[in-house]
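>>> sequence unknown, structure follows:
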């Protein structure tokens, strides 16, 4: 989102005060998400030459 750490931290802390709790659900690590992040960082996985190709692939899953 382009926010620096101090803006992000202030936003989260202010929302926590407003909500009287964390402004997001704290969960354990999701294996599928972790693998997707690993692939993205390693530049692995499927690539698409157009948005239409990507959408066709998503619809076939």
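Cool, got the structure. Predicted, not measured: the structure shown is a model, and the values here were computed from it. Numbering: from 1, shown residues only.
>>> Now tell me which helix or strand of this protein has the poorest mean pLDDT.
The helix or strand of the chain with the poorest confidence is helix 31-41; it has a mean of 88 (mean pLDDT, DSSP states H and E).
>>> Could you tell me which other helices and strands the helix or strand following that one packs against?
Downstream of helix 31-41, the next assigned helix or strand under DSSP states H and E is helix 51-59. Contacts defined by 3 or more Cβ pairs under 8 Å, 6 or more residues apart in numbering; DSSP states H and E place helix 51-59 against no helix or strand at all. Every C-beta, even on glycine, is put in place using the N, C-alpha and C of the backbone.
>>> Distance from helix 51-59 to the middle of the chain?
20 Å (Cα atoms, centre = their mean, to the nearest Å).
>>> next one: stretch 52-61
20 Å.
>>> ditto for stretch 39-57
With Cα atoms, centre = their mean, you get 16 Å for stretch 39-57.
>>> Repeat that for stretch 24-40.
That offset, for stretch 24-40, works out to 8 Å (Cα atoms, centre = their mean).
>>> do stretch 2-13 as well
16 Å.
>>> what's in contact with the least confident helix or strand of the chain?
44-45 (Cβ atoms under 8 Å, 6 or more residues apart in numbering).
>>> same check, this time on stretch 6-19
Contacts of stretch 6-19 (Cβ under 8 Å, 6+ apart): 3, 22-23.
>>> and the nearest residue to residue 46 once chain neighbours are set aside, what pLDDT?
Nearest residue to residue 46, sequence neighbours excluded (Cβ to Cβ, 6 or more residues apart in numbering): residue 57, at 6.7 Å. On the pLDDT scale, residue 57 is placed at 92.
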